[in-house]
Each structure stands twice: as structure tokens, then as C-alpha cells.
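Peer 1: Sequence and predicted structure below; questions after.
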Amino acid sequence: MEHMHLVVNLANESSNRQASTIANTGIFIKINKALLITKRQNFFHNEEYYKYAIELKVNGEYWVIFRRFSEIRDEHERMCRMCPNLRKEQFPPRSLFNKTDSFQIERQQKLETYLKNYIQIVLGESLYQFMPNAKVPGQSDQTIKLTKSIFCERLNFFQESTEDKLNVQKLGWKSFDI
């Protein structure tokens with residue numbers, strides 16, 4: 001059984017830190033918090049791990065997903081097979097034993113930068129169709145408004161699960177002012 005027993009504010013003193021923005025797209029991403037999860041293995045052993053609260057906002061539509069480092073790493077490895085340009089991106093190192101606050105803050109910042117770059121690379125040139133005033137050669141001048149639905153359809157890793165919604169409710173989080 002999984003229990004959330006601690007919310008860690010990874011932003012430290014800079015909780016007003018701005019979200020990473022993907023220029024001219026209306027996409028914002030921020031990781032400021034993590035849940036420390038304790039999962040009982042047996043009578044003598046509990047497994048502990050972090051789930052990062054990844055805040056997303058696409059043209060005014062806001063949601064939060066919770067992902068373990070290993071889930072993000074697995075997605076990175078999966079997408080590297082389909083998108084060779086992603087291999088060039090520096091993925092934060094794995095650490096089995098380092099659970100210090102300073103390590104988690106540094107990892108959070110690297111994960112946020114990685115996810116921003118991931119979105120740009122995986123969506124690639126299709127981002128242009130969502131940019132106002134962008135002129136793509138050989139295409140009409142019309143742009144399409146990027147929505148949460150379109151974004152998650154193209155990048156289903158960022159799809160909000162029922163568990164994500166319940167975690168937000170349990171914690172009483174409304175918005176992180178992304």
C-alpha cells in the first residue's frame with residue numbers, strides 16, 4: 001500500500017520561481033514540489049521514493065501530474081528510440097541513495113529543463129502550427145490554438161491520470177501560480 005507522508009517544497013526559498021516557458025507556444029512547465037512516498041514492502045522494510053509534481057499549463061489550461069524519476073527516465077529511453085535528437089539531451093543522473101534536499105532541488109531543476117527540451121524536440125516542427133505569427137514555408141498562415149487535449153494526445157506521457165487528480169485533491173492544491 002502506498003502512503004503519501006510528506007510534501008517536499010523543492011523550490012526552497014524561490015517558490016516564486018517562474019515556470020519554464022517554451023517561447024511563443026503558450027506552454028509552461030514547472031516542478032516545485034515532490035511527494036515522498038512510502039510503500040510498505042513487508043513487516044521489516046519500506047520503500048521510499050519521490051514523485052515529482054509536474055505543473056503544466058497550455059494556453060490557460062492547467063493541470064498537475066505526478067511522476068517518479070524512474071518513470072521519466074523510462075519515457076526518455078523509450079522516446080530516444082523513436083526520436084534520435086532526444087539522445088543529445090542530458091538526462092539527470094540516477095542516484096540510489098542520495099535523498100538530501102539539495103540533491104532533490106538540483107535534480108528537480110535538471111528534470112524541468114530536460115522536460116522543456118523534451119517537449120520541444122518531440123513535438124518538433126509541429127509546434128510551429130501553434131505559434132501565433134509563425135509562418136511555416138509552404139503552409140497557410142492560420143495557426144491552431146494548442147489545447148491540453150491536443151498536447152496530451154501528442155505527448156501522452158503528460159496525460160493527467162485519475163490518481164494525479166486525487167493527489168491534487170488530497171493535498172488541497174489549487175494552483176501553483178504557474
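Peer 2: Arrived safely. Residues are numbered from 1 along each chain as shown.

Peer 1: Give me the next element, helix or strand, following the longest helix along the chain.
Peer 2: Under DSSP state H, the helix in the chain containing the largest number of residues is helix 101-123. Using DSSP states H and E, the helix or strand that follows helix 101-123 towards the C-terminus is helix 148-154.

Peer 1: Low-confidence stretches in the chain?
Peer 2: Low-confidence segments of the chain (pLDDT under 70): 1-19, 98-99, 125-144, 174-178.

Peer 1: And the residue nearest the centre of it?
Peer 2: Nearest to the mean C-alpha position of the chain, by C-alpha atoms, centre = their mean, lies I54 at 4.0 Å.

Peer 1: If you drop the residues flanking it in sequence, what lies closest to it?
Peer 2: Excluding the flanking residues, the one nearest I54 by C-beta to C-beta, 6 or more residues apart in numbering is I65, at 5.0 Å. Placement of C-beta: from N, CA and C, glycine included.

Peer 1: again, but for F103
Peer 2: The shortest distance from F103 to any non-neighbouring residue, by C-beta to C-beta, 6+ apart, is to S95 (6.6 Å).
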